[in-house]
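Colleague: sequence-free structure coming up:
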């Protein structure tokens, strides 16, 4: 007897409570999920978007081959995302980043839902839905290389929004744990502790509750996960050096401050343009307050001091190190969205023009991602293909440059734990040659590098430095290595491929 599927579906639906079938989140979450997928669909159009993705992918392969984090596998970042890459590679294989891109969409969706919950509790149902949607539209409002990649900031945002939400609900232990998870994804995520402590202070001030238990819960929740990771899951000394104390020279202003200032203003301007639809009402609300025409009820209902503290802490986090890369600015998006939604909700501004502008801006950035120039990727892929042709899977490779994705694209093992020339020369974006060289390397990096080469020279060296201040001619050890043991076998653009002499 055939099964009547429509009758069966109706019977199953009838068993679901009405509040679930027609509830707020049942209607909002699917729409946000669809929007998250659509806005980040271009992320699947490229094998790799940024050097950070290439670095993480290479790290994950090294860890899978028996590498030890903060020992034979090193980076200046906390461990959660390298472990996530490694886990995805173990399940789905390491040939593609599509699992990470999918999880990045999930991270954006979780962030959007948390922001919707925060806005709904403050300004109502419409504001909640708007906050989630506006965040997803704004989340692609920078260079596609910064917004479509599955990198640290993307996976940091859910824990950041959760920390703020838990603090708002006076769940101090959970707030501390969320801050810890945020910090273990990227160090600057710990800046959200500032608004958490601000809300704790306000709670003690207005409700007269004892501050010691709340502060203890927050501190305990923050300290315990970090202590477990540092003392048990990694090597404590290595964790302390690479995550906390070993980035002093990297995180300095340097001498090329004009370039850094230009990058800071440029990315700030792009983000402002992307979110102008709901950020303009923030200025309008200030204007109403200055004129004294903002209704008292709206003033009280729209108090946003904790959001401003959150934004301030995020600005400080973006500025740390004075690099101002575009993906750093993702950290500003959650508080900016909430401030904008709050301003619209409490200033008699209509939602339609705000939504229209945000949609148009997001469409522009979506199209930009689809048609983003791929010249650098094409060159890197061509070099990786040449490296694979010159080597066997058992051979090792040295990439002298700042594009570790070459290792992953070529599917070849790095000869050294230092995946970029920056560790051996202190080079980073925005620096000129004044503080770049062998003498500015990470502590004992060259001794470790020499010991790695003593086990066997790499079959191929890729000189990807171009005219950078770490060009082999400016780094005597690399120049001597190439002259003594290698010969040129190919050139692609400004990238030179060397092979070990027979």
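Modeller: Good, I have the coordinates. Since the structure is predicted, the reported quantities are computational estimates derived from the model, not experimental observations.
Colleague: what about the helices in the stretch 251-400 of the chain?
Modeller: Under the criterion DSSP state H, counting those that start in this stretch, the stretch 251-400 of the chain contains helices at 257-274, 276-291, 296-301, 305-319, 333-346, 351-370, 375-390.
Colleague: show the average pLDDT along the second one.
Modeller: Helix 276-291 shows an average pLDDT of 84 in the prediction.
Colleague: and that helix with helix 351-370, angle?
Modeller: 140 degrees (axes from the mean of the first three to the mean of the last three Cα atoms, to 10 degrees).
Colleague: between the helices of the stretch 251-400 of the chain, which gets nearest to residue 229?
Modeller: Closest approach to residue 229 among the helices of the stretch 251-400 of the chain is made by helix 305-319 (20.2 Å; Cβ to Cβ). Glycine gets a C-beta too; all of them are placed from N, C-alpha and C.
Colleague: turn the helices of the stretch 251-400 of the chain into CSV, columns for distance to residue 111 and mean neighbour count.
Modeller: Below are the helices of the stretch 251-400 of the chain laid out as CSV (distance: least, Cβ to Cβ, whole Å; neighbours: other Cβ atoms under 10 Å):
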stretch, distance to residue 111, mean neighbour count
helix 257-274, 16, 16
helix 276-291, 16, 17
helix 296-301, 24, 11
helix 305-319, 13, 19
helix 333-346, 7, 26
helix 351-370, 16, 16
helix 375-390, 27, 17
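Colleague: tell me where the model's unsure across this protein.
Modeller: 1-22, 247-255, 293-302, 429-433 (pLDDT under 70).
Colleague: which helix runs longest in it?
Modeller: Looking across the chain with DSSP state H, the single longest helix is helix 98-123.
Colleague: hang on, the earlier thing: in CSV, list the helices of the stretch 251-400 of the chain along with distance to residue 239.
Modeller: Shown next, in CSV, are these (distance: least, Cβ to Cβ, whole Å):
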stretch, distance to residue 239
helix 257-274, 29
helix 276-291, 39
helix 296-301, 45
helix 305-319, 20
helix 333-346, 28
helix 351-370, 35
helix 375-390, 31
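Colleague: of those, which approaches residue 224 most closely?
Modeller: Of all these, helix 305-319 comes closest under Cβ to Cβ, at 22.0 Å.
Colleague: for the closest one, what is the distance to the chain centroid?
Modeller: Centroid displacement of helix 305-319 relative to its chain, using Cα atoms, centre = their mean, to the nearest Å, is 17 Å.
Colleague: kindly report the same for stretch 128-144.
Modeller: Using Cα atoms, centre = their mean, the offset of stretch 128-144 from its chain centre is 15 Å.
Colleague: need the strands for this structure, in chain order.
Modeller: For the chain, applying DSSP state E gives strands covering 396-400, 413-414, 460-463, 486-492, 495-500.
Colleague: can you put those strands in a markdown table and add distance to residue 36 and mean neighbour count?
Modeller: Output for the strands of the chain, formatted as a markdown table (distance: least, Cβ to Cβ, whole Å; neighbours: other Cβ under 10 Å):
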| stretch | distance to residue 36 | mean neighbour count |
| --- | --- | --- |
| strand 396-400 | 34 | 25 |
| strand 413-414 | 34 | 20 |
| strand 460-463 | 37 | 25 |
| strand 486-492 | 37 | 15 |
| strand 495-500 | 36 | 20 |
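Colleague: could I get those as JSON lines with distance to residue 334?
Modeller: Below are these laid out as JSON lines (distance: least, Cβ to Cβ, whole Å):
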{"stretch": "strand 396-400", "distance to residue 334": "35"}
{"stretch": "strand 413-414", "distance to residue 334": "36"}
{"stretch": "strand 460-463", "distance to residue 334": "39"}
{"stretch": "strand 486-492", "distance to residue 334": "41"}
{"stretch": "strand 495-500", "distance to residue 334": "39"}
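Colleague: among those, which is nearest residue 231?
Modeller: strand 413-414 (28.0 Å).
Colleague: and the closest one, what does it pack onto?
Modeller: Strand 413-414 sits against helix 51-64, strand 396-400, with contacts defined as 3 or more Cβ pairs under 8 Å, 6 or more residues apart in numbering; DSSP states H and E.
Colleague: parallel or antiparallel, which strands does that strand pair with?
Modeller: Counting by DSSP bridges, the strands paired with strand 413-414 are strand 396-400 (parallel).
Colleague: and the contacts of the partner strand?
Modeller: 387, 391, 406-407, 410, 412-416, 419-421, 456, 458-465, 470, 472, 478 (Cβ atoms under 8 Å, 6 or more residues apart in numbering).
Colleague: one more pass at 7 Å, please.
Modeller: Residues outside strand 396-400 that contact it (Cβ atoms under 7 Å, 6 or more residues apart in numbering) are 387, 391, 406-407, 410, 412-416, 421, 458-465, 472, 478.
Colleague: quick check: residue 335 touching residue 313?
Modeller: No. Using Cβ atoms under 7 Å, residue 335 makes no contact with residue 313, being 8.6 Å away.
Colleague: any residues in contact with both of the two?
Modeller: By Cβ under 7 Å, 6+ apart, no residue touches both residue 335 and residue 313.
Colleague: could you measure from residue 180 over to residue 192?
Modeller: 11 Å (Cβ to Cβ, to the nearest Å).
Colleague: neighbour count: the two, which is higher?
Modeller: Neighbour count, other Cβ atoms under 10 Å: between residue 180 and residue 192, residue 192 has more, with 31 against 24.
Colleague: quick one: contacts for residue 128?
Modeller: 116, 117, 119, 120.
Colleague: tell me the one of those nearest residue 319?
Modeller: residue 119 (26.6 Å).
Colleague: wait, that closest one sits on residue 338?
Modeller: Yes. Between residue 119 and residue 338 there is a contact under Cβ under 7 Å: 6.0 Å.
Colleague: what sits closest to the spatially most central residue of the chain if chain neighbours are left out?
Modeller: Nearest to the geometric centre of the chain sits residue 153, at 1.9 Å (Cα atoms, centre = their mean). With sequence-adjacent residues excluded and distances taken as Cβ to Cβ, 6 or more residues apart in numbering, residue 153 is closest to residue 330, at 4.0 Å.
Colleague: residues contacting that neighbour?
Modeller: 153, 154, 157.
Colleague: would you check how far apart the last one and residue 188 are?
Modeller: In this case it means residue 157. 12 Å.
Colleague: those two: which is more packed in?
Modeller: In this view residue 157 and residue 188 are compared by other Cβ under 10 Å, and residue 157 has more residues nearby, 27 against 23.
Colleague: what's the distance between the residue nearest to residue 211 when sequence neighbours are not counted and residue 121?
Modeller: Closest residue to residue 211 apart from its sequence neighbours, by Cβ to Cβ, 6+ apart: residue 204 at 4.3 Å. As for residue 204, its distance to residue 121 is 21 Å (criterion: Cβ to Cβ).
Colleague: do the same with residue 468
Modeller: For residue 468 relative to residue 121 (Cβ to Cβ), the value is 50 Å.
Colleague: higher neighbour count, these two?
Modeller: Neighbours per residue (other Cβ under 10 Å) separate residue 468 from residue 121, with residue 468 holding more: 19 against 13.
Colleague: show me the contacts for the residue lying closest to that one once chain neighbours are set aside.
Modeller: With sequence-adjacent residues excluded and distances taken as Cβ to Cβ, 6+ apart, residue 468 is closest to residue 427, at 6.6 Å. Neighbouring residues of residue 427 by Cβ under 7 Å, 6+ apart: 421, 436, 468, 469, 470.
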